[in-house]
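Asker: Generate coordinates for the sequence data below:
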Amino acid sequence: MKLNKHKTAQHTEMEFGGTLGAACIPVFLPLMVLYLLSVCRTPGGALLQWPPPLPHSTFLWDPVAAAIMVGWIGLQSALYLLPVGKVSEGLVLRDGSKLKYPINGFHALCMTVVLLAVCVCLGMPLGYLFDLVLPLAVCAIGVSYLLALYLYVRSFWAHAHQLALGGNTGNPLYDFFIGRELNPRIGSFDLKYFCELRPGLIGWVVLNAAMLMKEVELRGSPSLAMLLVNGFQLLYVTDALWNEEAVLTTMDIVHDGFGFMLAFGDLTWVPFTYGLQAMFLVIHPQTLSPLGALGIVLLNGVGYYIFRKSNSQKNQFRRDPTHKSVAHLETIATATGKRLLVSGWWGFVRHPNYLGDILMALAWSLPCGVSHLLPYFYVGYFSVLLVHREARDERQCKAKYGLAWDTYCRRVPYRIIPYIY
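Answerer: So this is what the prediction gives:
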């Protein structure tokens with residue numbers, strides 16, 4: 001394909017702090033990942049300490065970690081290409097076409113778990129990943145940068161309709177960060193869709209299991225706190241992959257280009273920061289009372305119930321508004337021909353799934369006790385992320401639905417938390 005010479009309208013509106021954010025975030029966030037992992041491994045575990053626990057350079061590189069990273073991405077790529085599961089179509093693109101996606105993420109998770117169990121039974125020291133976590137994170141950061149660079153360069157050979165609207169500003173720093181091409185593919189292999197739910201999300205579960213095995217090595221058996229963290233987060237990942245088809249309508253797939261932001265988030269940030277609780281428990285064991293554990297289980301259960309029921313209602317309404325489970329719900333007509341739900345879960349708050357997410361995040365952190373801030377980093381970060389994502393969604397819906405969106409906001413005044421926000 002020749003270098004694209006077609007003139008396309010460039011969008012000047014920028015998010016995430018514009019050029020300054022695009023220059024600082026790719027430097028600051030990788031350093032933050034390494035800092036958080038380093039703090040997790042210190043006896044004190046204090047998130048705010050001076051001087052910071054900077055690791056020696058010899059602890060940041062290990063050829064074994066590089067080999068594991070290459071093997072892991074290769075394994076997940078092979079599982080992605082397996083002809084199992086159904087194939088679904090995404091939403092209509094600007095040129096009127098629809099892309100096809102393999103829905104086999106749950107199969108990939110199951111096969112990964114089986115392979116991992118066999119390897120552990122054959123004597124593979126899974127807990128060794130705890131000792132390799134820093135060089136593994138460095139490798140993931142390197143892969144994220146290389147992938148983002150490749151995506152940016154190849155986007156100049158993409159057709160105009162293949163570019164993401166928000167990533168075509170003409171500002172190299174910002175476009176590299178946010179992503180120029182909407183759905184970059186190598187043949188039928190969709191790079192963004194693959195990274196969204198495969199190597200990072202399943203890798204998160206594997207790292208959690210490694211922390212559990214490391215605790216068994218150190219103390220003879222896993223603690224109740226470790227089991228709860230592993231169980232809660234495995235449920236979350238399993239749910240995401242079981243409902244993989246729903247990701248085809250999310251902002252990441254439909255709106256955002258594939259650049260450093262998503263590459264780093266999928267391959268580095270998710271597996272190495274979402275599971276900080278399990279890593280924290282290896283060095284800082286906690287004892288839970290049966291009553292305390294029951295309360296945490298109930299909190300996670302309530303959060304998961306809200307998260308799953310609201311998402312299922314939304315997805316069913318999108319697939320078939322006449323289905324008996326959603327046909328009775330009240331809606332508002334829009335100029336686009338689509339309708340907005342103003343009853344059921346989506347008449348409760350505008351983003352009930354985000355409320356469920358926050359409750360689950362808190363339940364994941366509580367097994368680590370309340371004496372350290374570090375296990376609650378995820379709760380704080382994820383709450384900020386969801387508020388920011390809600391604001392982005394608000395702007396897009398206002399532009400798309402106009403007066404109908406104003407009516408919806410009057411009918412459903414609370415964004416995430418009823419009577420608070």
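Asker: use CA for all of it now, contacts and neighbours both
Answerer: OK.
Asker: Can you report how many residues neighbour Gly96?
Answerer: 8 (other C-alpha atoms under 10 Å).
Asker: Local confidence estimate at Ile420?
Answerer: At Ile420, the pLDDT value in this model is 85.
Asker: how about low-confidence regions in the stretch 301-421 of the chain?
Answerer: Applying pLDDT under 70 to the stretch 301-421 of the chain flags no residue at all.
Asker: Can you show me the helices along it?
Answerer: Listed from the start of the chain, the stretch 301-421 of the chain has helices (DSSP state H, counting those that start in this stretch) covering 352-365, 377-401, 403-411.
Asker: The stretch 151-300 of the chain too?
Answerer: When secondary structure is read from DSSP H, counting those that start in this stretch, the stretch 151-300 of the chain shows helices at 172-178, 191-197, 199-219, 224-242, 251-254, 260-264, 270-273, 276-283, 290-319.
Asker: now those as CSV including mean neighbour count and distance to Tyr80?
Answerer: As requested, these are exported to CSV (neighbours: other C-alpha atoms under 10 Å; distance: least, C-alpha to C-alpha, whole Å):
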stretch, mean neighbour count, distance to Tyr80
helix 172-178, 23, 25
helix 191-197, 20, 7
helix 199-219, 22, 10
helix 224-242, 19, 12
helix 251-254, 16, 17
helix 260-264, 24, 17
helix 270-273, 22, 19
helix 276-283, 24, 27
helix 290-319, 17, 23
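Asker: Mean pLDDT lowest where, among the ones you listed?
Answerer: It's helix 251-254: among the helices of the stretch 151-300 of the chain, that one has the lowest mean pLDDT, namely a mean of 85.
Asker: quick one: Pro51 is in a helix?
Answerer: No - counting by DSSP: H, G, I helix; E, B strand; the rest coil, Pro51 falls outside a helix, being coil.
Asker: Identify the residues contacting it.
Answerer: Not one residue lies near Pro51 by C-alpha atoms under 8 Å, 6 or more residues apart in numbering.
Asker: Just the pLDDT for it.
Answerer: pLDDT for Pro51: 73.
Asker: Could I get the phi/psi values of it?
Answerer: phi -70, psi 150 (degrees, to the nearest 10).
Asker: roughly how far apart are it and Gly170?
Answerer: Between Pro51 and Gly170 the distance, using C-alpha to C-alpha, to the nearest Å, works out to 40 Å.
Asker: for Leu373, phi and psi?
Answerer: Listed backbone geometry of Leu373 is phi -80, psi -30, with angles given as degrees, to the nearest 10.
Asker: From what I see, it and Gly44 are in contact.
Answerer: No - under the contact definition of C-alpha atoms under 8 Å, Leu373 does not touch Gly44, with a separation of 11.3 Å.
Asker: who's more crowded, the two?
Answerer: Neighbours around Leu373 and Gly44, counted as other C-alpha under 10 Å, are more numerous at Leu373. The numbers are 16 against 12.
Asker: what secondary structure does the nearest residue in space to the more buried one that is not next to it in sequence sit in?
Answerer: Distances taken as C-alpha to C-alpha, 6 or more residues apart in numbering put Leu47 closest to Leu373, at 6.2 Å, once the chain neighbours are dropped. In the three-state summary, Leu47 is assigned as coil, counting by three-state DSSP.
Asker: Give me the number of neighbouring residues for Leu47.
Answerer: Counted by other C-alpha under 10 Å, the residues lying close to Leu47 total 18.
Asker: go on, Pro321?
Answerer: The tally of other residues near Pro321 (other C-alpha under 10 Å) stands at 16.
Asker: got the contact list for it?
Answerer: Ala327.
Asker: Please report how far it lies from Asn315.
Answerer: For Pro321, the distance to Asn315 equals 10 Å [C-alpha to C-alpha].
Asker: which residues does the residue nearest to Leu373 contact?
Answerer: Leu36, Val39, His372, Leu373, Leu374.
Asker: Go ahead and confirm the second one touches Ala46.
Answerer: Yes - here Val39 lies in contact with Ala46, judged by C-alpha under 8 Å, at a distance of 6.7 Å.
Asker: Perfect, that will be all.
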